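J.: Provided below are the primary sequence and the corresponding predicted coordinates.
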Amino acid sequence: MLNPWQITRLDDEGRAALATARALVFLDVDGVLNHSGMWDDPPPRSSCPATLEFRREQFDPACVERVERLCTSTGAVVVISSSWRIAHSLAELRCMLRCRGLQAAVVGATPRLPDRDIDGRRIERGHEIRAWLDEHDRGLPFVVLDDDGDMATVHDQHVRTSLLTGGFNDEALTRAIAVILGDKTGEPL
Ligand SMILES: [Mg+2]
């Protein structure tokens, strides 16, 4: 069982990759790497040991390939912000992504914060991303790929995808590159 307060720590692989990174991609899974089109036309199963016990393959290789292009074109590394970071270790997530074609480094995962703060206000996914940035960031540009809208203070870096439009599609890739390059903010698609 993972201690949610420990998963934000960087391991040697993550620390080394972050040291040379030029940008960050905060990556959700459901609605970004998978989408409704996969229900009728599922991709072939990967050989990743971490996915073998799943009932279905859950990453669209085309979406993972777009994340790879995003990282290659901007010098970005990946931080997992999906709730998948709760159920899976970082090693399992790296395995799943690499078996689907991601060569970019996955440096870590955002911390899991409580649902409410001390005043009863709802804590959003954007707050968890901001907490990771407060701990590890050195001023790198970043983009947040997510199909939900609870992005708090990282809203301007958010590229919103959808389960219904192919997840991380070509249009979202173009927008994500623009956000990292500072050409535009990432208001929802
Ligand atoms: Mg999602």
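T.: Perfect, I can see it now.
J.: for the ion, what are the nearby residues on the chain?
T.: Within the chain, the residues that sit near the ion (CB under 5 Å from the ion) are Asp28, Asp30, Gly31, Asp147. To be clear about C-beta, it is placed using only N, CA and C from the backbone, and glycine gets the same treatment.
J.: can you pull the contacts of the residue nearest to the spatial centre of the chain?
T.: Nearest to the mean C-alpha position of the chain, by CA atoms, centre = their mean, lies Leu27 at 0.8 Å. By CB atoms under 8 Å, 6 or more residues apart in numbering, the contact set of Leu27 is Leu33, Val67, Val78, Val79, Ile80, Ser81, Ser82, Leu145.
J.: Tabulate the residues of the chain next to the ion (JSON lines), appending pLDDT, neighbour count and secondary structure.
T.: Shown next, in JSON lines, are the residues of the chain next to the ion (pLDDT from 0 to 100; neighbours: other CB atoms under 10 Å; DSSP: H, G, I helix; E, B strand; the rest coil):
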{"residue": "Asp28", "pLDDT": "96", "neighbour count": "22", "secondary structure": "coil"}
{"residue": "Asp30", "pLDDT": "93", "neighbour count": "16", "secondary structure": "strand"}
{"residue": "Gly31", "pLDDT": "95", "neighbour count": "22", "secondary structure": "coil"}
{"residue": "Asp147", "pLDDT": "96", "neighbour count": "23", "secondary structure": "coil"}
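J.: Would you quantify the distance from the residue nearest to Asp147 when sequence neighbours are not counted to Pro43?
T.: Leaving aside its chain neighbours, Asp147 sits nearest to Gly31 (2.9 Å; criterion: CB to CB, 6 or more residues apart in numbering). Look at Gly31 and Pro43: by CB to CB, to the nearest Å, they are 16 Å apart.
J.: Extract the residue ranges of the protein that are flagged as low pLDDT.
T.: Filtered on pLDDT under 70, the chain yields the residue ranges 1-7, 50-57, 184-189.
J.: Which residue, neighbours along the chain excluded, lies closest to Asp170?
T.: Arg66 (7.2 Å).
J.: phi, psi of that neighbour?
T.: Phi and psi for Arg66, reported as degrees, to the nearest 10, are phi -70, psi -40.
J.: ok, now which ones touch it?
T.: By CB under 8 Å, 6+ apart, the contact set of Arg66 is Phe168, Asn169, Asp170, Ala172, Leu173.
J.: what do you get for Leu33?
T.: Counting by CB under 8 Å, 6+ apart, Leu33 has contacts Leu27, Gln58, Phe59, Asp60, Cys63, Val64, Val67, Arg100, Gly167, Phe168.
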